[in-house]
Each structure stands twice: as C-alpha cells, then as structure tokens.
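Colleague: okay, structure incoming, though there's no sequence with it:
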C-alpha cells in the first residue's frame, strides 16, 4: 500500500472496536499512541489512535441517487444531483456538560453508547488495577452497574427499551453479550465475536470471528443463533454496524484484509448492495467507512487514495439514495436519525509545560457546528470525546478530562444537554 493508504487503514483499525482490539475509549493510551505516531512518521497529515488527531476534514456537498438495487457485489450507480431532501429541522445551539454518577466512587470512567431517545447511556468505569471493567447503564442519569464475565467488557448500543449489547473477552476470546433488566446473557451462534447494534424491536447485529476474518452476522432475536449475512465474494469480510426494525442492516466490509472499506446495505432478505462512493476533494472517494445507521441516515467517513490525504465526513440518506451536504467540518464518531453528528473537531498541540494534547468535540446539525463545552462552559481546553447523540440532539454522551494541563488524564463520563 502507499503511505496514504497505510494512513487510512491505520486510522480505521484504531477506530474499529473489533473483538481483537482494545476499546477506543481509553484516552490515555490513545493520546500516547498518537504522540508516538507523530514522532515516528512526521509526514502524516492525520494520525489517529482511538480518539484521533485529525488534520483538515473536508466536507463536500453532494447528492447521489441510487434508484434500484444492484446485483450482488456490484456498486450502485450514482445519478444526477437531486433536491428531494426535505427542509432541515432546527438543531440545538448551546450545550452544557454534567458529570454522570459512577457506582463505587470510581473516578475514571467513560460513556460508550446511548439510545435514540436520550434516556439511556452506556459506559464503564476503570478500577485502579486489572483489565476487568464494570459496565454501567444510566437511565435518565441514574446509574446501574452490570457485571459481565471476563475482561475488557464494553456495552456499545442500547435500544429505547433499555436492552443493551456489547462484548467481553472470556478465555482469550471476544464474546457477544446482550443485557436485559440488568442480566447479561451470551448471544448464541458465535464462538468468538461481538454485538455492535440493536434495533428498537430487538434485532442485533455484529460480527463473528472466523480465523483471521470478521464476518457480519444478524441475530433476529437474542435467543436465536447468529446468521451470517451474505457477502459479495469469498474473500470479503467486515462487520454489521447498524440495524433497523424493518430488517435493513448496514455494514462496513472490504475485499480481503487489504481491501478498501465500503459501506454495504442488506435489505430484508436481499443481496448485499454496495453504496455509491461520494465525491470528495479531488474526485471520487475510494473508501467509505460507515459509523452509524439511524432513522435511514448512514453517517461516516470517506477517503480518496492518491488525493489530498484528508478524511471527509459524509452522510447518506438510504431511502432517498442521496448524499446530503454538511455545513461544517467534523470527524464523526456517531450520528442520529436526522443526519446530525457528533465527533472530533481538532487536536491542540501541547503548549509549554504540557505533556499531552487537548481534544475538542462538537455537534454538527444542519444549522452548523456547536462546540461541546467543559464543565465550566468553556471550549477547547479539556480533552473531550462525544460518542452518542439522541435523535433530537438534546442528549450527547461522552467523556472529558476534568484536570486539563496535567500530565495524567482524569477522564470522567459526562452528559451534554443541548437546546
């Protein structure tokens, strides 16, 4: 691969919460790794580990239509621009941060997911030693600790009924779990794998490990075994990242271990459809990695090999077959049912006396960008990472460093309320 290709492949590996990789929410490890990458490879424009250090993120207005399904493994053809998207609804303009309570008085903590209504948030705490992490479900801000077996436990998605899914490493293998009414149950049909998303009606998607390959799977219910989702060919691999109640599944796949990431859709009972690639600075993107699927919106990032080496935030409305323009730059970590996103804005280099970077996050709606503040209302000073957003944009989950300017990080789980 070229240097550009290696950069993007490395970025995706670190952002990917795969079953054989550490969680993306450990900011201390992420920032140390980002520094090491900058020291070792000064030529990088974007260097990311977990929460990324990002260079200029280009956003290109585009509308692409996909009027019919395509044959298995073939990309849908883009058509001319269209103005069929409805007028955007007004989004929040200000946000305030508040600490979330942590059972047991443990300080170091993080949010790892949330539901579309904003009622539920997911997270975990970090005891002073070991790699076993108590997971937490917040219900309207009230914390409940849940114990999963093994180590590196993490819940990543929850539906409006409070049913959550995630992964834990048991016996050196990642295992997919569902948590209902505080009880954790291993999902059947995958000897190793992860659960990544759950629909309102309880469908679950994720991936199972098959040797060195990850294969996308669907659990039609939590007591039904995992079923492999069809792929375009024998070398393709990847994971499902989202599922809707009508059975539509969205995933990220690639043709072989070095293949370019592509967004794929499985409509209920149908063959896989590769989404068209968006236009970005310098031409058509060669790679599109989806991050979220909610309310018909697929949000993620695109990259063009041989291009300007920038990461491009993109959103695609599945029912209309169109990419929709974005009003500002953002490196997305999650999206909602209105096509709004939360994610990384920039990384401030260390100032004199500092040993680390500060990470800033924001909310991007059709009205523009809202920077997410720290506990005292200021922005750009605390390391922050937003990882979930409700459909109305009024609840955002994440974590930030409550003691900026120090060598060690005091990472705390937070909820931003926006209006």
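Modeller: Looks like it came in fine. Note that the coordinates shown come from a computational prediction; the quantities given were computed from them, not determined experimentally.
Colleague: and residue 252, how far is that from residue 164?
Modeller: 21 Å (Cβ to Cβ, to the nearest Å). No exception for glycine: its C-beta is placed from N, CA and C like everyone else's.
Colleague: the bottom helix or strand of the chain by mean pLDDT?
Modeller: strand 47-49 (a mean of 28; mean pLDDT, DSSP states H and E).
Colleague: where does pLDDT dip in the stretch 201-350 of the chain?
Modeller: 307-309, 346-350 (pLDDT under 70).
Colleague: let's go with 80 and repeat that
Modeller: Applying pLDDT under 80 to the stretch 201-350 of the chain picks out residues 269, 306-310, 346-350.
Colleague: with the stretch 1-150 of the chain instead?
Modeller: 1-89.
Colleague: which residue ranges form the helices in this protein?
Modeller: Along the chain, counting by DSSP state H, helices occupy 3-15, 27-40.
Colleague: how about residue 237, what does it touch?
Modeller: When contacts are counted by Cβ atoms under 8 Å, 6 or more residues apart in numbering, residue 237 touches 213, 214, 215, 231, 253, 254, 256, 257.
Colleague: could you redo the last one with a cut-off of 10 Å?
Modeller: 207, 210, 212-216, 231, 252-257, 259 (Cβ atoms under 10 Å, 6 or more residues apart in numbering).
Colleague: show the buried residues in those.
Modeller: Buried by 16 or more other Cβ atoms under 10 Å: 207, 214, 215, 216, 231, 252, 253, 254, 255, out of the contacts of residue 237.
Colleague: and the first one, what are its bridge partners?
Modeller: Going back to what we said before, that points to residue 207. With DSSP bridges applied, residue 207 shows beta-bridge pairing to residue 194, residue 216.
Colleague: so who does it touch?
Modeller: Contacts of residue 207 (Cβ under 10 Å, 6+ apart): 18-19, 167, 174, 176, 190, 192-196, 213-217, 226, 228-229, 237-241, 251-252.
Colleague: just name the closest of the contacts of residue 237 to residue 114, please.
Modeller: Top of the list for closeness to residue 114, among the contacts of residue 237 and by Cβ to Cβ, is residue 252 at 20.3 Å.
Colleague: hang on, the closest one packs against residue 291?
Modeller: Yes: counting by Cβ atoms under 10 Å, residue 252 touches residue 291, with 8.5 Å between them.
Colleague: now do the shared contacts for the two.
Modeller: 241, 242, 263, 300.
Colleague: could I get these as CSV with distance to residue 318 and neighbour count?
Modeller: Listed next are the shared contacts of residue 252 and residue 291 as CSV, based on distance: Cβ to Cβ, whole Å; neighbours: other Cβ atoms under 10 Å:
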residue, distance to residue 318, neighbour count
241, 13, 27
242, 10, 25
263, 10, 28
300, 13, 25
